[in-house]
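Q: Give me coordinates for this.
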Amino acid sequence: MSNPAQSEPKLSRKFGSRGIVFAMSIVLCVAASAAWYWRSHRETDPAPRRAQASNDPRLIYRGEYTNIHPDAAFVDNDARCVPCHADICATYGRHPMARSLTKMADLAEGENLNADRKNPFNALNYRFSIERKGREVWHRLDRDDDDGKALVSLSWPVHYAVGSGARGRSYLTDRDGALYQTPISWFAQKQIWDLSPGFGPSLLSGRPVDGQCLFCHANRAHFRESSVNRFDEPIFSGLGISCERCHGPAQRHVETQAKWDIVNPRNLASAELRDSVCEQCHLKGKMRVMRRERGTNDYRPGLPLSAFLRVFVEADDTHGKAKAVSAAEQMHESRCYQASLDSNDKPMVCVSCHDPHRYIGPAERVPHYRGRCLKCHESIPCALSPAERYRRQADDSCVACHMPRFGTADIVHTAATDHRIPRIPSKPKPEDQASHENLALKPFHSYRADEETEVRRDLGLAWVELMKINQANPQVHGESAEALLMAAVREHPGDVPAREALGFSQFLRGLDRASLDNLETALSFDPRREWSLNAAAVLTWRLGRSDESLDYWRRLVADNPWQPAYRRALTEILIQQGDRAEASRQCQVWLRLEPMSADARRTWIHLLLRENRRDEARQQLRQLETLKAPDLDRVRAWFDERSP
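A: Numbering: from 1, shown residues only. Sure, this is the predicted structure:
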């Protein structure tokens, strides 16, 4: 796909703008809308291979498995496992995990695009539709004027479908290695097309998708970790979750078939190691933070997940009793799990109930899970009489009573099951969105006393990540987070994620000079770190360092030419700079990327009037009126003053 600007002209180094802060606010809005994605940071851009840390758990490992080492090779192809494991591969191929990511060309014919499935559908005053063109699928956004003529039109070629389809699918478009989620999703439980979760007016041009979002939907995604949503080629090694995500790199085992050349999670020495395999994706927590000198794809089955990720959950004193939000947290709260810790048998783990190699369909679900329950409860029967059980549940389902389904707040049209396994079921309490001031965090996994310094560093990062998505208040939590991060960078000056987080917290609290110092230090280690570049561009403008600010915006546009917010900032800077020719070119790119933006049209009107192109400006004003843009009376008055 071609660059949206066709060619990037050289920009003037003068300055000015009212949209500068908006560019940062819109990126923060993107992060907040995607709070159900978890984000991580990595110390350096992976373009040159990241140096292995001396404390890398994969290097320190001294166990029997040979595929833990960072140099162990992947095959990225489950077909290599079939000759020896044909039955398992056949059943796993039907599992939702194996189908978590699909090339759209392989799925196009299977999509139901009929009108009774809400294709098209209306949302946010726009018409959304899905079109099939051979093996290609396109998503469209349209809006007509009062005469039925096209006013706004935007389309995306769909390259990947995210999700197996069991609960739904969302869709990705690839813009020269920058991945964006489209505004259209499929919701399987209601069998309808509708607006993608978390989408509002500011995201209609597409939501940037980062590496941690895809970590649990793709086998391995090659995310450029210093960016917001750029990936290196090939974007994916394998598509759906493969055998190697749970068993580790398989190249040597394929060659030798030796037992110790591949991890069998069932034989791992502890419940923590066994559950770590599942917790890669099924332990959400309140915030997940990549530990210092770790990378997104570094975890290896056979090692504890906590050696790579620090998962923070709400402490019990947050709102009385903390809310467990993911399956793994809920399981740890259950009486079943707690009782298993005191038994003589193995503790309860995820695979005590779930078969990771086989999808349990609706016809098998009730007897399968009743059998799992009766492994422990056969000698302690249900307190209800058989007659009462059958009155409540005709199929005598244990999980219907003790693991009730409930609607999810972050993904509409879907439900999840309660892994707390309550004896007397009750609906989970909704999360308190009114205030985050009393929020307290704790690590989900236990840690050694000598790890306290690293835990404090990770806690500081967690608070800043929560601030980014409006789940923590910078004025309440910022100062304490900064104290933790200052201690971290004193001990490790090259800890770029900690340095960036420190600067970002200061940015959010209005400590501009201190913030810029830390962000520029982070950029001295990693010059393409997009969050730092964005904040530094805003800060240098606010501090009157216009040449530096313009340079930052140019770098952002060069690295991420598809981000409309960057084009907006650059356009408005150039207008106040007096470079109208270049501002016009940038504004036209902004309009192509975001044709529904009233601000882009207002800015284009301003530029047209400056060029004495009054008829074109008047036509844009009529379109603005049809869009029912805010402050129309003020815009009309402003237009009349400049267009007698």
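Q: The closest residue to H95 other than its chain neighbours is in what secondary structure piece?
A: Sequence neighbours aside, Y359 is the residue nearest to H95 in space, at 4.4 Å (criterion: CB to CB, 6 or more residues apart in numbering). To be clear about C-beta, it is placed using only N, CA and C from the backbone, and glycine gets the same treatment. For Y359, there is no host helix or strand (DSSP states H and E).
Q: For Y359, give me its contacts.
A: By CB atoms under 8 Å, 6 or more residues apart in numbering, the contact list for Y359 reads T91, R94, H95, P96.
Q: how about 7 Å then?
A: By CB atoms under 7 Å, 6 or more residues apart in numbering, the contact list for Y359 reads R94, H95, P96.
Q: ok, C373 touching C398?
A: Yes - counting by CB atoms under 7 Å, C373 touches C398, with 4.5 Å between them.
Q: Please enumerate the strands of the stretch 351-500 of the chain.
A: 405-407, 415-417, 441-443 (DSSP state E, counting those that start in this stretch).
Q: just the strands in the stretch 51-200 of the chain please.
A: Under DSSP E, counting those that start in this stretch, the stretch 51-200 of the chain gives strands at 101-103, 121-123, 126-133, 136-144, 150-158, 160-162, 168-175, 178-181, 184-187, 192-195.
Q: Next, count neighbours for H492.
A: H492 has 17 neighbours, counted by other CB atoms under 10 Å.
Q: Could you check how far the nearest residue to it once chain neighbours are set aside is from D56?
A: In space, and not counting its chain neighbours, H492 is closest to R292: 6.7 Å by CB to CB, 6+ apart. Taking CB to CB, to the nearest Å as the measure, R292 and D56 are separated by 11 Å.
Q: looking at the strands of the stretch 51-200 of the chain, which is closest to R509?
A: strand 178-181 (30.4 Å; CB to CB).
Q: hmm, who's touching that closest one?
A: Contacts for strand 178-181 (CB under 7 Å, 6+ apart): 170-173, 196, 206-209, 229-231, 560, 562.
Q: Just the buried ones from those residues?
A: 170-173, 196, 206-209, 229-231, 560, 562 (16 or more other CB atoms under 10 Å).
Q: Need those residues in JSON lines (columns: distance to R392 and pLDDT).
A: Formatted as JSON lines, these follow (distance: CB to CB, whole Å; pLDDT from 0 to 100):
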{"residue": "S170", "distance to R392": "36", "pLDDT": "96"}
{"residue": "Y171", "distance to R392": "40", "pLDDT": "98"}
{"residue": "L172", "distance to R392": "43", "pLDDT": "98"}
{"residue": "T173", "distance to R392": "47", "pLDDT": "98"}
{"residue": "S196", "distance to R392": "37", "pLDDT": "95"}
{"residue": "G206", "distance to R392": "46", "pLDDT": "96"}
{"residue": "R207", "distance to R392": "42", "pLDDT": "96"}
{"residue": "P208", "distance to R392": "46", "pLDDT": "96"}
{"residue": "V209", "distance to R392": "43", "pLDDT": "95"}
{"residue": "N229", "distance to R392": "48", "pLDDT": "96"}
{"residue": "R230", "distance to R392": "52", "pLDDT": "96"}
{"residue": "F231", "distance to R392": "49", "pLDDT": "96"}
{"residue": "N560", "distance to R392": "55", "pLDDT": "95"}
{"residue": "W562", "distance to R392": "53", "pLDDT": "96"}
